[in-house]
Structures are given as structure tokens and as C-alpha cells.
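S.K.: turn this into a model:
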Amino acid sequence: MAEVLVIVLVAVLCAGALYTTSAARVIRQYERGVVLRLGRLRDDVRLPGLTLVVPGLDRLRKVNMQIVTMPVPAQDGITRDNVTVRVDAVIYFKVVDPTSAVIAVEDYRFAVSQMAQTSLRSIIGKSDLDDLLSNREKLNQGLEVMIDSPAVSWGVQIDRVEIKDVSLPETMKRSMARQAEADRERRARVINADAELQASKKLAQAAGEMSAQPAALQLRLLQTVVAVAAEKNSTLVLPFPVELLRFLERAQQPAAETGHGEPDAPPAPAVPADLLGPAAPPAPPTPSTAPAPARNTPSAPSDADAPTGPAVPSSSEQPFAHH
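M.R.: Numbers count the residues shown, from 1 in each chain. This next block holds a predicted model:
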């Protein structure tokens, strides 16, 4: 009789151990358990740790309470300004009500994924291309609101939605590159013009200061020469400004006034050559007069050349006299 009692006791212990093993469930720290007994929801949500269910009657559903990172597949769409784009995003969400996540929706992950894709296509059609490229924070907030509205009834909370990439057609990329280049060139020209304006104002002020002190111009010239000579050039071009000549002329006038009691009369202004008319041609050279050749009949002698003695007739006159 005692042996039968021992055998029954051992059988009961084995059955109890088997029942405990089949009824025990372990719920992790980041999970919650929802129990359905004969298809009917139990009100209590099982917390992390060891819990027991009725084998064959209860069904335990574990729900992950961690934040889920789900990529949204790239969606093709046309923006409000008629530009074809391809946009993909990523969504972060978590379950806040495990009972609704099990009862209200069949698969909350798939539901959130489909809602994110449709909301992304809708936000593309309502936005301009410039908003997609530069104003993404506003679009992310709008996309989050669109997905979170139906997800609240599923026991899901949308934590964050981010647009990852916006793919543009190649023609649009080239057009935007040309536009950006033109805008940069325009800004560069404006900055250069502004710099030229400021430099011209400073140069005008410097010219005014130098005109008050003529020696400053010469000092500036010497500084320029020193700067050019520092590069060890073989050829040095030295400009000679007209202002330096005026400075030297003005410096000579006070010296002339201090050297004499009365200042000399200013020199007569030179008459321009074009007012004097054409110059007279030079006189032709006078030809030297050659001595006249001697003739057979000499000229009558003058009184100064006449001899003092009696006059002797010439040989040419004597024959005519006798005839």
C-alpha cells in the first residue's frame, strides 16, 4: 500500500512539474504580455518576469515596447511645381498600448509602413521642389502628423520621421547647377563692385591728404619703388609723375623770393609758333663775281693813274694820227 502511495505521489509531482513547465512563460524587460483565454482578452497585461498561463486555454502575445526604426521605400512623385522626384524616408515609432496593438490592428508594423508610404507621396504632391531641398524640417513635422493621426488608435506613437534623400533628374541637376553658378557669379560681382567703391572712397581720401602734403606723394613713390625692388627684378620702371614737377616748381618760387629783395619779373610768355606764321625762306647765296677778261682796248686811265710826265700817245693812236 505504501508503494502505491509513493508511485501516485511521484506521478502527481511529475504531472505538476510538466504542467508548470508548459504553463510558465518568461517576458523580457522590453516586452509586455497580452493574454487571450479561449479567444477572449484578459484585462491584465503581463509585466516582465515569470508568468503562468493555462496550457491549452490561454494564448500569450508578447509585444515589443522598444523604438522601431523602419525605412520607408523610395517613392516617385510630382511636386507642386511639376518636377519629378524620388524621395525616401525613415520613421521611428514605438508601441505605447500593447492591448490596442494586438486587438485594433492585425500587424501594426505593416500598417505603419503602408501609412508612411502613402503619406510620403501625399506630402511630395503638396510641396515645391525648393521646400523638399531646403525646408525639410517643416515637411518632417507635417509627415509625422499625417502618420501619427491613424496610428494613435493602433496603440502606436510616432516618435520621429525624417526625409533621407531627394533624387532629381539629371536635367534638373544641370539646371540647378547653372542657376547656382550664375547666382555665385552675381554675388561675386556685387562684392567686387562694393570693394571697388570702398577702395575708390579710400583712394579719394588718400589723394586729398597727399594734395595737402606734396611730400607724401614722393614718399609714396619711394615706397612703391622699394616694394618693386624687393622682388629682385632685373628691370625697374620708375614713373615720373607730373605732380612731382609741380611740387618742384612751387618749391623753387619761394626760394627765388627769399634770395632777392624784389622778385624778378616773370618771363615773357613764349608765343606759340603757329601764331607767328610761316618762317621767311633763307636768302640764296650771292655768287662771287669773277674778274672780267682783259680787252684789246684798255679803258682810259683815270686822273689818279695818270703819269706826272708828258703824255705819250699809244701805239694804236699813232697810225691814225698820221693818216
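
S.K.: let me see the ranges of the helices in the protein.
M.R.: For the chain, the helices defined by DSSP state H cover 2-23, 98-103, 108-125, 129-134, 136-151, 170-212, 214-229, 242-259, 318-322.

S.K.: want to throw the ones you listed into JSON lines with mean neighbour count?
M.R.: Every residue, glycine included, has its C-beta placed from N, CA and C. What follows is the helices of the chain, written out as JSON lines (neighbours: other CB atoms under 10 Å):
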{"stretch": "helix 2-23", "mean neighbour count": "10"}
{"stretch": "helix 98-103", "mean neighbour count": "19"}
{"stretch": "helix 108-125", "mean neighbour count": "18"}
{"stretch": "helix 129-134", "mean neighbour count": "15"}
{"stretch": "helix 136-151", "mean neighbour count": "17"}
{"stretch": "helix 170-212", "mean neighbour count": "10"}
{"stretch": "helix 214-229", "mean neighbour count": "12"}
{"stretch": "helix 242-259", "mean neighbour count": "10"}
{"stretch": "helix 318-322", "mean neighbour count": "8"}
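
S.K.: could you check the pLDDT of V90?
M.R.: We note a pLDDT of 94 for V90 in this prediction.

S.K.: partner residues bridging it?
M.R.: P71, E162 (DSSP bridges).

S.K.: that one is in contact with I158, isn't it?
M.R.: No - between V90 and I158 there is no contact under CB atoms under 8 Å: 11.9 Å.

S.K.: so for those two, which sits in the more crowded spot?
M.R.: Taking other CB atoms under 10 Å, V90 and I158 do not tie; I158 has more neighbours (21 against 14).

S.K.: list the contacts for the more buried one?
M.R.: By CB atoms under 8 Å, 6 or more residues apart in numbering, the contact list for I158 reads 91-93, 112, 144, 147-148, 151.

S.K.: average pLDDT for stretch 152-161?
M.R.: On average, the pLDDT along stretch 152-161 is 91.

S.K.: turn the helices of the chain into a markdown table, including distance to M65.
M.R.: Shown next, in a markdown table, are the helices of the chain (distance: least, CB to CB, whole Å):
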| stretch | distance to M65 |
| --- | --- |
| helix 2-23 | 24 |
| helix 98-103 | 7 |
| helix 108-125 | 12 |
| helix 129-134 | 34 |
| helix 136-151 | 15 |
| helix 170-212 | 43 |
| helix 214-229 | 75 |
| helix 242-259 | 87 |
| helix 318-322 | 178 |
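
S.K.: and of the ones you listed, who's closest to V68?
M.R.: helix 108-125 (7.1 Å; CB to CB).

S.K.: give me the distance from that closest one to the chain's centre.
M.R.: 39 Å (CA atoms, centre = their mean, to the nearest Å).

S.K.: need the residues that contact that helix.
M.R.: Residues from elsewhere that reach helix 108-125, judged by CB under 8 Å, 6+ apart: 68, 70, 72-73, 75, 77-80, 85, 87, 89, 91, 93, 95, 101, 105, 132, 139, 142-143, 146-147, 150-151, 154-156, 158, 161.

S.K.: that helix vs helix 136-151, what angle?
M.R.: Here helix 108-125 runs at an angle of 140 degrees relative to helix 136-151 (axes from the mean of the first three to the mean of the last three CA atoms, to 10 degrees).

S.K.: okay, now the unreliable bits of this protein?
M.R.: Across the chain, residues meeting the criterion (pLDDT under 70) sit at 1, 231-244, 255-323.

S.K.: dead centre of it: give me the residue that sits there.
M.R.: R184 (4.9 Å; CA atoms, centre = their mean).

S.K.: how much space between that one and Q198?
M.R.: 21 Å (CB to CB, to the nearest Å).

S.K.: what's around T79, how many residues?
M.R.: T79: 19 surrounding residues under other CB under 10 Å.

S.K.: got it, and V83?
M.R.: V83: 16 neighbours (other CB under 10 Å).

S.K.: leaving aside the residues adjacent along the chain, what's closest to it?
M.R.: L129 (4.7 Å; CB to CB, 6 or more residues apart in numbering).

S.K.: list the contacts of the one you found.
M.R.: Counting by CB under 8 Å, 6+ apart, L129 has contacts 79, 81, 83, 85, 168, 172.
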